[in-house]
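J.: Based on what follows, work out the 3D shape:
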Amino acid sequence: MSNINNKKEFKINFGGLEVTLETGRLAKQADGAVLVSAGGTQVLVTVCSALEMKDGQDFFPLTVDYTEKFYSAGKFLGGFIKREARPTTGEVLTSRLIDRPLRPLFPEGYLNDTFVQATVLSYHPSADPEVLAGLGASAALAVSDIPFSGPMGFCKVGRIAGALKLNPTHEEWPTSDIEMVVAGSPDAILMVEGEAKFVPEAEMLEAILFAHKHIQEFCKTVTEMVKACGKTKRVFTPVPANQVLNKKVAELFSSDARAALSVKVKGDRTRATAGLTKKIAEAMKAAPTNFGLTETASSSKEARAAVENLLYNMMRADILDEEKRIGGRKLNEVRQIETEISVLGIPHGSGLFTRGETQVLSTATVGSSVGDQKGDRISGSFVNKFYLHYNFPPFSVGEAKGVRGTGRRELGHGNLAERALKVALPGGDFPYTIRMVCEVLESNGSSSMGSVCSGSMALMDAGVPMKTPIAGIAMGLISDGKRYKILSDILGDEDHLGDMDFKVAGSDKGITAIQMDIKISGLTKEIIKDAFEQARVGRLHILGEMGKTIKEGRSEYKAGIPKMETLKIEVDKIGMLIGPGGKNIKALQERYTVTIEIAEDGTVRVAGTDTDKLLECCALIKLQLNGPQLGEVFDAVVVSTKEYGAFVDIAPGVSGLLHISEVSNDRVNDVNEYLSEGDKIQVKVMEIDKMGRVKFSARAVKPIEKKVK
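T.: Numbers count the residues shown, from 1 in each chain. You can find the predicted model right below:
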């Protein structure tokens, strides 16, 4: 009788932390399952792939889901529904990071439904569950019977005090000037994404290569794991290309394809391509055997595939052989750029960036912490004072569809643009919360990089004192394995038919964000180095074009943005400012039309659109908490009269005694002959006793005259 538990473990020192890969004990009915453990964090990764492809399937349906269970950290979820449901933005972004390097490692033509599910079962801050999930995905696919040309390594790299470090802890990241995720095979880089604090290209390349050395070591461990307990891979024979069809289509329709590929305007080119597809389909339907097809073959489907193949080969040959791009651009040429600011009347800041047929309208909303984005993850609660939302409506590419919520792609592109811009925001005690929204109005080429450019302009238009403008550019690659050509500012078709989408954002000082996706087996050091340099030149050109419209933030915040004053009060006086049941702070906010926020450390931020009222409110807060100073003169209101004088208020909650001897230069026998409740007078602070009680004088400012009866 065989054992139910066939547990096998494999260990590796990965950046100073022992990582254990375990298989054979958990989730054994999955095609592959690996429990990855390190420093108290444990992530279970399972993979399952359908045995057959769905009829009519024409794309690879790979789904990666990364899920954080709050019980893993011994925590309850916030809100009313105490159950993990929809994935958070962070979980979606991690899922995308794992998905992207896996895709090119599946064999060409493998179109079976495939699911990778990573579940965080235990969490400790000493080990990053996202990294373990990426490692587990590679290992689970490698030991499964699913066709997969791994292994793949996955890691994060930071730079702390000038030293590169693999997989810094959650607490270490704030001190790092590089935060990057790198995935790769033993031979090449597969995926890069991250952010940096104006780091030069050469240093970013150094960080990528540093990560790749560790990735290679991990891949060796997975290879040993496969030899020891890996399943035999399923037999997968890709459907061979119909050489007769492709040859016949090229013979008969190359001139039509050339004409379609030469059309500069995307919409016209799309229609020309659709017309070519229809023409080929009709020819196939009339004589299927001439194209190597059976009578029952779907002519429309075969025509689409044939046109795709013809355009793919033609475009790539044009670039590799003649350095000729769609529309006739040079390889390093950026399309025409137009920029505008203050496009919208009411939003605090707006920027319109148009590059060729890609257009993004961005808005910046600037305000108090009421707009903070709050959230919970197993690593802890967080508050974002800057966040960016990216929208990609169907009309931007001419599709007749409705908007059905925010997709994973939109979250990913928005996160990249947010990474690019946030490092350029003012640091220190900058008190504002900023929400950016990037609306893609047209798309043919990188709209995420267009969002970076328009977002930078919108921030400066609002008056945000940015450290420097930020721009971004998307690079492409065409390679036949021996030769390669790098393309600046790629079109949508060049992305679709090419081998790489390499986005780089930053300033003239260095890189602030990077993202790379590839469709081939990997990138070499030389390709990445050349792409970095060509991207740098393109980025500087775009910054120059943006600078023709706006180079820096306005000298003052734009109309509509609340002004903000910051005060520091003693912690034990917070209750005094708030007042019983919040009475005082509510009264201040209503009286001066401001918003008052109080931090636990005694930092008070007062925000309002009327500068005079804002300053009056701040002055009153200081007066309420600290009291008046000797010699100060105030406007006061008589609140009550006594035999010995009168009590007056110089501000709500701040009062003192006006002694009868300080009312007038005359001898006053009856205060009521000089003062009545509600009278407005001026008083001077003459004395503050040990108890904090204030004594005023009216005659030291303007003696009160006796009332005429």
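
J.: residue ranges with poor pLDDT in the stretch 501-650 of the chain?
T.: Using pLDDT under 70 as the threshold, the predicted model of the stretch 501-650 of the chain has low-confidence ranges 521-522.

J.: how about the strands of it, start to end?
T.: Chain-ordered strands for the stretch 501-650 of the chain, with DSSP state E, counting those that start in this stretch as the definition, fall at 510-518, 563-568, 595-598, 603-608, 633-642, 645-651.

J.: got the contact list for Val701?
T.: For Val701, the residues meeting the contact criterion (CB atoms under 8 Å, 6 or more residues apart in numbering) are Val633, Gln682, Val683, Lys684. Where C-beta positions appear, they are placed from N, C-alpha and C, glycine not excepted.

J.: can we see that at 10 Å?
T.: Contacts of Val701 were listed using CB atoms under 10 Å, 6 or more residues apart in numbering, and they are Val633, Phe634, Ala636, Ile681, Gln682, Val683, Lys684.

J.: Can you tell me which of those is closest to Ser300?
T.: Each of the contacts of Val701 was checked against Ser300 using CB to CB; the closest is Phe634, at 85.5 Å.

J.: isn't that closest one right up against Ala651?
T.: Yes. Contact status for Phe634 versus Ala651: in contact at 7.6 Å, counting by CB atoms under 10 Å.

J.: so how far is Glu84 from Ala27?
T.: The span separating Ala27 from Glu84 equals 18 Å under the rule CB to CB, to the nearest Å.

J.: I meant to write Cys155 there.
T.: To Glu84, Cys155 is 26 Å away according to CB to CB.

J.: what about the helices in the stretch 301-450 of the chain?
T.: The residue ranges that make up the helices of the stretch 301-450 of the chain, judged by DSSP state H, counting those that start in this stretch, are 408-422, 447-462.

J.: Apologies, that question was intended for the chain.
T.: Read by DSSP state H, the chain holds these helices, from start to end of the chain: 89-102, 129-143, 201-229, 243-261, 266-286, 299-322, 408-422, 447-462, 492-497, 525-547, 574-578, 583-592, 611-626.

J.: Quick check: which of those helices is buried the most?
T.: Ranked by mean neighbour count, the helices of the chain are led by helix 447-462 with a mean of 30 (mean count of other CB atoms under 10 Å).

J.: quick one: average pLDDT of that one?
T.: Rounded to a whole number, the mean pLDDT of helix 447-462 is 96.

J.: Identify the residues contacting the closest residue to Glu600 other than its chain neighbours.
T.: In space, Glu600 comes closest to Val571 once its chain neighbours are excluded; the distance is 7.6 Å by CB to CB, 6 or more residues apart in numbering. With contact taken as CB under 10 Å, 6+ apart, Val571 is in contact with Ala599, Glu600, Asp601, Gly602.

J.: Ranking by neighbours, what's the top pick from those?
T.: When the contacts of Val571 are compared by neighbour count (other CB atoms under 10 Å), Gly602 ends up highest, at 15 neighbours.

J.: who touches the residue lying closest to Lys220 once chain neighbours are set aside in this structure?
T.: Excluding its sequence neighbours, the residue lying closest to Lys220 (CB to CB, 6+ apart) is Pro186, at 7.7 Å. The neighbourhood of Pro186, defined by CB under 10 Å, 6+ apart, consists of 150-153, 212, 215-220, 222-223, 522.

J.: ok, so of the residues you listed, who is nearest Gly450?
T.: Gly522 (27.9 Å).

J.: Chain neighbours aside, what residue packs nearest to Phe647?
T.: Once flanking residues are discounted, Phe647 sits nearest to Ser640: 5.0 Å by CB to CB, 6+ apart.

J.: what about Glu357, how many neighbours?
T.: A total of 18 residues lie near Glu357 under the criterion other CB under 10 Å.

J.: for the protein, which spans come out with low pLDDT?
T.: The chain contains residues with pLDDT under 70 at 1-3, 521-522, 709.

J.: Break it down into its structural domains.
T.: The record's domain parsing of the chain by automatic domain parsing lists 8-229, 243-328, 337-547, 563-626, 633-697.

J.: Can you redo those domains as a markdown table, where the extra columns are distance to Tyr557?
T.: Below are the domains of the chain laid out as a markdown table (distance: least, CB to CB, whole Å):
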| stretch | distance to Tyr557 |
| --- | --- |
| domain 8-229 | 25 |
| domain 243-328 | 38 |
| domain 337-547 | 4 |
| domain 563-626 | 7 |
| domain 633-697 | 28 |
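
J.: just so I know, which of those domains lies nearest Val708?
T.: Among the domains of the chain, domain 633-697 comes nearest to Val708, with 10.0 Å by CB to CB.

J.: distance between the ends of the closest one?
T.: Distance between the boundary residues of domain 633-697 (CA to CA, to the nearest Å) amounts to 9 Å.

J.: do the same with stretch 419-437
T.: So stretch 419-437: terminal residues 14 Å apart, CA to CA.

J.: if we can go back for a sec, okay, and the common contacts of Phe634 and Ala651?
T.: Overlap between the contact sets of Phe634 and Ala651, as judged by CB under 10 Å, 6+ apart, is given by Leu623, Pro628.

J.: isn't Ser240 right next to Gly109, touching?
T.: No Ser there; residue 240 is Pro. Yes. Look at Pro240 against Gly109 with CB under 10 Å: they come within range, at 9.1 Å.

J.: on that earlier part again, of Ala27 and Glu84, give the one with the bigger neighbour count.
T.: Comparing Ala27 with Glu84 by other CB under 10 Å, the one with more neighbours is Ala27, at 19 against 15.

J.: Without its sequence neighbours, what residue ends up closest to the more buried one?
T.: Nearest in space to Ala27, with sequence neighbours left out and distances taken as CB to CB, 6+ apart, is Ala33 at 3.8 Å.

J.: Could you list which residues are in contact with Pro200?
T.: Applying CB under 10 Å, 6+ apart to Pro200 gives the contacts Glu206, Gly506, Lys509, Gly510, Ile511, Phe532, Arg536.

J.: Please name the residues that touch the third one.
T.: Applying CB under 10 Å, 6+ apart, one finds that Lys509 lies in contact with Lys197, Phe198, Val199, Pro200, Ala424, Lys467, Thr468.
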